[in-house]
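K.L.:
A structural model of the following input is requested.
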Amino acid sequence: MRLPTSVLVSVSLFTAETTAALYLSTTYRSAGDKIWQCFTLLFTLVPSVLVQLTLIFIHRDLSRDRPLVLLLHILQLGPIIRCLDAFCIYGSSGKVEEPYVTITRKKQMPRSGQTEEVEQEVGQAEGKLVTHRAAFARTSVIQAFLGSAPQLTLQLYICVLQRGVSIGRGTLMVISLLSIVYGALRCNILAIKIRYDDYEVSVHPAAYLCVFLWRGFEIATRVAVLVLFSSVLKVWVLPLVLISFLIFFLQPWVRFWSSHSPFPENIEKTLTRVGTTIVLCMLTFLYAGINVFCWSAVQLKLDDPDLIDKGHGWRRSATYYSLRFVENAALTSLWYVHRTDFYRQVDAPVLELLLLLGYALAVFFMLLFYQCCHPCRRLFSSSPAQGLWECCGSLKLPAGPYSPPSLPQDKPGLEQPETAKDTVTNGEVNQNLC
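P.N.:
Presented below is the predicted three-dimensional model:
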């Protein structure tokens, strides 16, 4: 049984960021900055409430007689008590004989074209720890993109306006950046485990490091570009962010309505149609919040039983990163044209080049992750280089009735689990959301 370190990391980041934000809000109040105090508290309390509700929903506490746990969640102390519970379960494991165990079957990564299926015994204690890990993985994503990301943007914007970084603000910015990168990392791992649920997925430290660098460069440059643009064109930044947010929020619903599929009823048996609609709206809200700052690594598909589009390929991610790169270049160019006298002290062309280079480094580490460090890369139907080549080839207009022989037309994208499974395992992998 593995130590629940992911639970500890999630709770530590949540507690540290909340404490730093509350302290910083008191300094804003002392300085008379009521607006910055309100926004700082808003980006702290709203995600905290959503985290509490998520933990209650996943652990189904409303259907149990646990008034103390519900009270602690109301007091915003739910993650702490859940963390203590997880470590108590881990500490007591093995001391008491399990009354019964659950047999699970997982496929191992194929070797020499062969896939073996192994059975594992999962006891009650380990099953509870799995639930805790899954719950905190989801709350880390919520905390990162509905709290830490806007918080980091706000505090960096205040630094630019006040032309200085205080100790409290700098501490909160560092913790928020770590929280966002960790949330994006958990989002990547969740996407892998959802897509390859029937396989025994083992993520190596090199993969974690690669994703950390990928997401770190991507998010840092994105936030910096938005702050620079908002510092010179304040009127346009809000419409820009709202348009981007609404596009990603409405996209899954438009696809769902155009498919004429029945309303999904398998989210949770105890939920009514209204409750299911609220959950789906919150899910698409989180999905849009993620894509405003970075690539979500999954595509929502509301007409699918698992709510995930399993046919994720290179074309979608390549389109996202291409458009984001063009957008970042356009925003930094507008900042360069309209920059104020304060930025005359900075070498603006070098700063603009560094931001674009940082985003290019993020794309490089993403390709490195999929090429060398992805735990399920043996199931890929094509390498990242082949996927990009096919994506670029599909954008070219054909000059005649014949296609270039070097660009196959019927080859799938990078991650096409159905095709990969037919060729490697000759079976069907079931994907589950939880």
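
K.L.:
Contacts only, for residue 172.
P.N.:
Contacts of residue 172 were listed using CB atoms under 8 Å, 6 or more residues apart in numbering, and they are 17, 20, 21, 24, 151, 155. Every residue, glycine included, has its C-beta placed from N, CA and C.

K.L.:
distance of it from residue 28?
P.N.:
Here the distance between residue 172 and residue 28 works out to 11 Å (CB to CB, to the nearest Å).

K.L.:
What is the nearest of the contacts of residue 172 to residue 304?
P.N.:
Using CB to CB, residue 151 is the member of those that sits closest to residue 304, with 32.7 Å.

K.L.:
pretty sure that closest one is touching residue 45, no?
P.N.:
No. Residue 151 lies out of contact with residue 45 (CB atoms under 8 Å); the separation is 11.2 Å.

K.L.:
More neighbours: which of those two?
P.N.:
The neighbour count for residue 151 versus residue 45, taken as other CB atoms under 10 Å, is higher for residue 151 (27 against 15).

K.L.:
Just give the nearest non-adjacent residue to the more buried one, would you?
P.N.:
In space, residue 151 comes closest to residue 43 once its chain neighbours are excluded; the distance is 4.2 Å by CB to CB, 6 or more residues apart in numbering.

K.L.:
Name the next helix or strand following the helix or strand harbouring the one you found along the chain.
P.N.:
Following DSSP states H and E, one finds residue 43 within helix 34-59. For helix 34-59, the following helix or strand on the C-terminal side (DSSP H and E) is helix 67-74.

K.L.:
follow-up on the earlier one: my guess is the residue nearest to residue 151 contacts residue 153. True?
P.N.:
No. Using CB under 8 Å, residue 43 is not in contact with residue 153, being 9.0 Å away.

K.L.:
for the spatially closest residue to residue 338 that is not a sequence neighbour, what are its contacts?
P.N.:
The shortest distance from residue 338 to any residue other than its chain neighbours is 4.4 Å, reached at residue 232 (CB to CB, 6+ apart). By CB under 8 Å, 6+ apart, the contact set of residue 232 is 334, 335, 338, 339, 340.

K.L.:
Out of these, who's the most crowded?
P.N.:
Within these, most neighbours by other CB under 10 Å means residue 335, with 23 neighbours.

K.L.:
any idea how far residue 369 is from it?
P.N.:
30 Å.

K.L.:
What is the subsequent helix or strand relative to the helix or strand hosting residue 315?
P.N.:
Element membership for residue 315 (DSSP H and E) is helix 314-338. Per DSSP H and E, helix 314-338 leads on to helix 348-368 as the next helix or strand towards the C-terminus.

K.L.:
From the contact counts, what lies against that next one?
P.N.:
Applying 3 or more CB pairs under 8 Å, 6 or more residues apart in numbering; DSSP states H and E, one finds that helix 348-368 makes contact with helix 205-232, helix 314-338.

K.L.:
Out of those, which gets the lowest mean score?
P.N.:
Of all these, mean pLDDT reaches its minimum on helix 314-338 (a mean of 89).

K.L.:
Any stretches of the stretch 301-434 of the chain with poor pLDDT?
P.N.:
310-313, 381-434 (pLDDT under 70).

K.L.:
which stretch among the helices and strands packed on helix 348-368 comes nearest residue 142?
P.N.:
So among the helices and strands packed on helix 348-368, helix 205-232 is nearest, using CB to CB, at 15.8 Å.

K.L.:
Give me the buried positions along that closest one.
P.N.:
By neighbour count on 16 or more other CB atoms under 10 Å, the buried set for helix 205-232 is 207, 210-232.

K.L.:
and the angle from that helix to helix 348-368?
P.N.:
150 degrees (axes from the mean of the first three to the mean of the last three CA atoms, to 10 degrees).

K.L.:
Do I have it right that residue 359 meets residue 331?
P.N.:
No. Under the criterion of CB under 8 Å, residue 359 makes no contact with residue 331, lying 11.5 Å away.

K.L.:
where do the helices sit along the stretch 1-150 of the chain?
P.N.:
Per DSSP state H, counting those that start in this stretch, the stretch 1-150 of the chain carries helices over the ranges 5-31, 34-59, 67-74, 78-92, 124-143, 149-162.

K.L.:
The fourth one: how far from the chain's middle?
P.N.:
For helix 78-92, the distance between its averaged C-alpha position and the chain's averaged C-alpha position is 24 Å (CA atoms, centre = their mean, to the nearest Å).

K.L.:
How about the second one?
P.N.:
Going by CA atoms, centre = their mean, the spacing between the C-alpha centre of helix 34-59 and its chain's C-alpha centre is 18 Å.

K.L.:
who does it touch, helix- and strand-wise?
P.N.:
By 3+ CB pairs under 8 Å, 6+ apart, helix 34-59 packs against helix 5-31, helix 67-74, helix 78-92, helix 124-143, helix 149-162.

K.L.:
same thing but 6 Å
P.N.:
Applying 3 or more CB pairs under 6 Å, 6 or more residues apart in numbering; DSSP states H and E, we find helix 34-59 packed against helix 5-31, helix 78-92, helix 124-143, helix 149-162.

K.L.:
Who are the packing partners of the last one?
P.N.:
This means helix 149-162. By 3+ CB pairs under 6 Å, 6+ apart, helix 149-162 packs against helix 34-59, helix 167-195, helix 205-232.

K.L.:
mind listing what's buried in the first one?
P.N.:
If I follow you right, that is helix 34-59. Within helix 34-59, the residues scored as buried using 16+ other CB under 10 Å are 36-37, 39-41, 43-44, 47-48, 50-52, 54-59.

K.L.:
and that helix with helix 167-195, angle?
P.N.:
Comparing the axes of helix 34-59 and helix 167-195 via the same axes, to 10 degrees yields an angle of 30 degrees.

K.L.:
who's in contact with residue 376?
P.N.:
By CB atoms under 6 Å, 6 or more residues apart in numbering, the contact set of residue 376 is residue 196.

K.L.:
go with 7 Å
P.N.:
By CB atoms under 7 Å, 6 or more residues apart in numbering, the contact list for residue 376 reads 109, 192, 196, 199, 201.
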